[in-house]
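Engineer: Based on what follows, work out the 3D shape:
(one chain, ligands or ions: 3)
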Amino acid sequence: MPEGKPNSAGPIRVALLGCGTVGTEVVRLLTDQAADLTARIGAPVVLTGIAVRKPNKHREVPAELLTTDAAALVASDVDLVVEVIGGIEPARTLLLEALRSGKSVVTANKALLAEHSAELFEAADASGADLYFEAAVAGAIPLLRPLRESLAGDRITRVMGIVNGTTNFILSGMDATGASYSETLEEASRLGYAEADPTADVDGFDAASKAAILASLAFHTRVTASDVHREGISAVSASDIAAAKGLGRTVKLLAICERVTETAEDGTTKESVAARVHPAMIPRSHPLAGVNGAFNAVFVEADAAGEMMFYGQGAGGAPTASAVLGDLVAVARNRVHGGRGPRESAYAGLPVRSIGQTPTRYHISLDVADRAGVLAQVAAVFAEHDVSIAAVRQEGRVDDASLVIVTHAASDAALRSTVDKVGGLPVVRDVVSVMRVEGEEQ
Ligand SMILES: NC(=O)c1ccc[n+]([C@@H]2O[C@H](COP(=O)([O-])OP(=O)(O)OC[C@H]3O[C@@H](n4cnc5c(N)ncnc54)[C@H](O)[C@@H]3O)[C@@H](O)[C@H]2O)c1
Ligand SMILES: N[C@@H](CCO)C(=O)O
Ligand code: NA
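Structural biologist: Numbering: from 1, shown residues only. Ligands and ions are numbered 1, 2, ... in the order given. Okay, here's the model as predicted:
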C-alpha cells in the first residue's frame, strides 16, 4: 500500500513469526484484548498465521494457525508482520521480504536491529512501510518512542542504564543472597528472561545490541553492535561482589552511551559518540543500585529536559508482549488512518570513539605484604602510568594486608598496563578485583 494511504478496506491482517516466550504472550494479548484493540485501532486485528519451527510442541495458541513455512506466511495477504523468532537469519531475510512488499514490521529483535538496521530502514523507506521495535530495548518500558519522538526537539547527551534483565537478575541474586552464578542463571532461563543462548546475556552481547540501538536513536548516528565496547559478567567473581559491598557499592552491568564534545586549542569543538557495556561498581545509594531482578532502568540526560529515569520490567514474556502490542496498535493505526511512523534518523553521522579513548574510573583491590613502603611502591606504578589515585584504603592483617585503590578517570590502556605492572611487584600477592566505577563525582 502506498505511504500514507488509509486502509479502509477492512481488518488488519497480522502474521506472527515465532511462538516462544514472547510470541505466546502476543497471541494471548491479541485474543484477550481483541475488542479493545479494535476500538483503539479503528479496525479489527486478525491473526492469519503463526510461523513455528516445531508444530507439535504444546502451546496455548490456536493450532490451525500454525505453519512451518514462515516465508509463505510473509508472502501471504497480510498488512503487518510481527517477528519474535530472534537472531539474524532467517529473521533478516523474512523481514526484508515483508518490508520490500510494503508490509509493516514490528520486531523485538535487538540482535538484528543492532547489525542490520540500515538495510531494514532502507527497505521500509522504499515501500513506505513502518518498522517499530520498542520491545527490543528494556522490554515493557516505553523508551525508544520517547527517544525517537518525545525528545526529538532536545539534545540528548547521555543514556546510561541497566538494559539486560538476566544479568541484573544474576548480579542482584549474588549480591543479596550470595546465590551462585549458575543457580541464578538457570532461574533466569526458567522465567523466560534469558536469550535462547544465554551467553548472549552473560557475555554482554544483548546489552551491547541494545546500547547500539539507544546510541543510534539518541545521537542520530548509525551505531552498530560492533562499535560498542563490550564486557560481560562472566568474570565477575564473589570477591568482586564482596569488595563492592565492603565499600558500600554494588556491581551492575551498565550500558553507557555518551555524546563527547572536545574543544581544540583554537576553540573549535568536535563531537563524537561512545558506547560501552561493562560491569561497574556503583554506590548503594545510587538509584540504579535499587534496580533488582529482571527490572531495567535507564537514565537519559538532555540539555533542556535535564535528567529522566525510565524504569520497569525489562524482560519476560508478558512485559515484552506489552511493548510489541503497543507497536502493533501504532502501526495498525497508521494503516487505518494513513501516515507513517518516524524513519531512521542518522543525519548527524558522528564518529564513534573506541573505549581506549574513553576514560573511566577504576576500583582495584590488592592483597599485599603488610610492611613499610608497600603503598609507596604501588603508588609509584600508578604515577608512572599517569593514573591518578582518588582514594586508598589499607586494612592490615597479621602478615598481609588488603589495599583498595579508587582512581580518577583513566584510559583503559593506561589502567591495564598499571595493573599488569602492579600485579608483578613482589610485594603484591594477588590482584583480587579490578572493576570500573560509575555513578560518583569525578
Ligand atoms: N524473552 C524476553 O524477555 C525478551 C525480551 C525482549 C526481547 N526479546 C526478544 O524477542 C525475541 C524472541 O524471544 P523469546 O524469548 O520469545 O525467544 P524463544 O526462544 O522463547 O522463542 C523463539 C521461538 O522462535 C522459534 N523459531 C526459531 N526459528 C524459527 C523459524 N525459522 N520459524 C519460526 N519459528 C522459529 C523457536 O522455536 C522459538 O519457539 C528475540 O529476538 C528476543 O531477543 C525477548
Ligand atoms: N534476554 C534479555 C531479554 C530482554 O531483552 C534480558 O535478559 O534482558
Ligand atoms: Na521498551
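Engineer: tell me which residues of the top helix by length along the chain are tucked away?
Structural biologist: If you go by DSSP state H, the chain has its longest helix at helix 317-337. The neighbour-count check on helix 317-337 (16 or more other CB atoms under 10 Å) flags 317-336 as buried. Quick note: C-beta positions are derived from backbone N, CA and C, even for glycine.
Engineer: Of the residues you listed, which are in range of ligand 1?
Structural biologist: Among those, the ones lying near ligand 1 by CB under 6 Å from any ligand atom are T320.
Engineer: on that earlier part again, tell me the helix or strand right after the longest helix of the chain.
Structural biologist: Using DSSP states H and E, the helix or strand that follows helix 317-337 in sequence is strand 361-369.
Engineer: Low-confidence regions, the stretch 51-200 of the chain specifically.
Structural biologist: By pLDDT under 70, the stretch 51-200 of the chain contains no weakly predicted segment.
Engineer: Check the nearest residue to L350 once chain neighbours are set aside and give its pLDDT.
Structural biologist: Excluding the flanking residues, the one nearest L350 by CB to CB, 6 or more residues apart in numbering is T221, at 4.4 Å. With respect to pLDDT, T221 scores 98.
Engineer: isn't T221 right up against V273?
Structural biologist: Yes. If you go by CB atoms under 8 Å, T221 and V273 touch, sitting 5.6 Å apart.
Engineer: Now for these two: what residues contact both?
Structural biologist: 215, 350, 352 (CB atoms under 8 Å, 6 or more residues apart in numbering).
Engineer: Among those, name the ones that also lie close to ligand 1.
Structural biologist: Counting by CB under 6 Å from any ligand atom, the subset of the shared contacts of T221 and V273 that neighbours ligand 1 is empty.
Engineer: burial measure for N56, as a count.
Structural biologist: By other CB atoms under 10 Å, the residues close to N56 number 8.
Engineer: again with S180
Structural biologist: S180 is flanked by 13 other residues according to other CB under 10 Å.
Engineer: From V431, how far off is the residue nearest to it when sequence neighbours are not counted?
Structural biologist: With sequence-adjacent residues excluded and distances taken as CB to CB, 6+ apart, S180 is closest to M174, at 7.7 Å. Separation of M174 from V431 (CB to CB, to the nearest Å): 20 Å.
Engineer: for A390, same thing?
Structural biologist: Taken as CB to CB, the span from A390 to V431 is 18 Å.
Engineer: between M174 and V431, which one's more packed in?
Structural biologist: The residue with more neighbours, out of M174 and V431, is M174; 23 against 15, by other CB under 10 Å.
Engineer: where along this structure do the helices fall?
Structural biologist: If DSSP H is used as the criterion, the helices of the chain fall at 21-32, 34-41, 70-75, 91-100, 110-127, 144-145, 165-177, 181-190, 199-202, 205-219, 238-246, 317-337, 374-384, 412-423.
Engineer: most packed of those?
Structural biologist: Using mean count of other CB atoms under 10 Å, the stretch among the helices of the chain with the largest mean neighbour count is helix 205-219, at a mean of 28.
Engineer: so, in contact with ligand 2 or not, that one?
Structural biologist: Yes. Contact of helix 205-219 with ligand 2 (CB under 6 Å from any ligand atom) involves D206.
Engineer: cool, and stretch 143-156?
Structural biologist: No. Where contact is defined by CB under 6 Å from any ligand atom, no part of stretch 143-156 touches ligand 2; the two come within 11.5 Å at best.
Engineer: This protein against ligand 2: which residues are in contact?
Structural biologist: Residues of the chain lying near ligand 2 by CB under 6 Å from any ligand atom: 139, 164-166, 193-195, 201, 206, 314-315.
Engineer: is it true that N109 touches V82?
Structural biologist: No. Contact criterion CB under 8 Å: N109 and V82 do not qualify, at 10.6 Å.
Engineer: ok, these two, which is more surrounded?
Structural biologist: For the pair N109 and V82, the greater number of neighbours falls to V82 (31 against 25), based on other CB under 10 Å.
Engineer: check contacts around A305.
Structural biologist: Contacts of A305 by CB under 8 Å, 6+ apart are 151, 154.
Engineer: For it, grab phi and psi.
Structural biologist: phi -70, psi -30 (degrees, to the nearest 10).
Engineer: For it, give its distance to A211.
Structural biologist: A305 is 21 Å from A211, by CB to CB.
Engineer: pLDDT averaged over stretch 355-363 - what is it?
Structural biologist: For stretch 355-363, mean pLDDT rounds to 82.
Engineer: do stretch 337-350 as well
Structural biologist: Mean predicted lDDT for stretch 337-350 stands at 93.
Engineer: What residues sit buried inside that stretch?
Structural biologist: Those would be 340-341, 344, 346, 350, for stretch 337-350 by 16+ other CB under 10 Å.
Engineer: still on that earlier bit, wait, what's in contact with the residue nearest to L350?
Structural biologist: 215, 273, 346, 348-350, 352.
Engineer: could these go into a markdown table alongside distance to A380?
Structural biologist: Listed next are the contacts of T221 as a markdown table, based on distance: CB to CB, whole Å:
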| residue | distance to A380 |
| --- | --- |
| A215 | 38 |
| V273 | 36 |
| A346 | 47 |
| A348 | 44 |
| G349 | 44 |
| L350 | 39 |
| V352 | 36 |
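Engineer: Among those, find me the one that's closest to ligand 3.
Structural biologist: Ligand 3 lies nearest to A215 out of those, by CB to the ion, at 15.4 Å.
Engineer: In this structure that closest one contacts R276, no?
Structural biologist: No. A215 is beyond contact range of R276, at 9.9 Å (criterion: CB under 8 Å).
Engineer: intersection of neighbour lists for those two?
Structural biologist: Listed as contacting both A215 and R276 by CB under 8 Å, 6+ apart are V228.
Engineer: quick one: low-confidence parts of the stretch 251-400 of the chain?
Structural biologist: Checking the stretch 251-400 of the chain against pLDDT under 70 turns up 356-357, 396-399.
Engineer: Mind doing that once more with 90?
Structural biologist: The model of the stretch 251-400 of the chain has pLDDT under 90 over residues 262, 342, 353-359, 369-373, 393-400.
Engineer: Pull up the gap between the residue nearest to L99 when sequence neighbours are not counted and V105, please.
Structural biologist: In space, and not counting its chain neighbours, L99 is closest to A123: 3.8 Å by CB to CB, 6+ apart. Going from A123 to V105 by CB to CB gives 9 Å.
Engineer: who touches the closest residue to A118 other than its chain neighbours in this structure?
Structural biologist: Closest residue to A118 apart from its sequence neighbours, by CB to CB, 6+ apart: R222 at 6.2 Å. Applying CB under 8 Å, 6+ apart, we find R222 in contact with 117-118, 216, 344, 346, 349.
Engineer: Need those residues in TSV (columns: distance to V419).
Structural biologist: Converted to TSV, the contacts of R222 look like this (distance: CB to CB, whole Å):
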residue	distance to V419
S117	37
A118	38
S216	33
E344	41
A346	37
G349	36
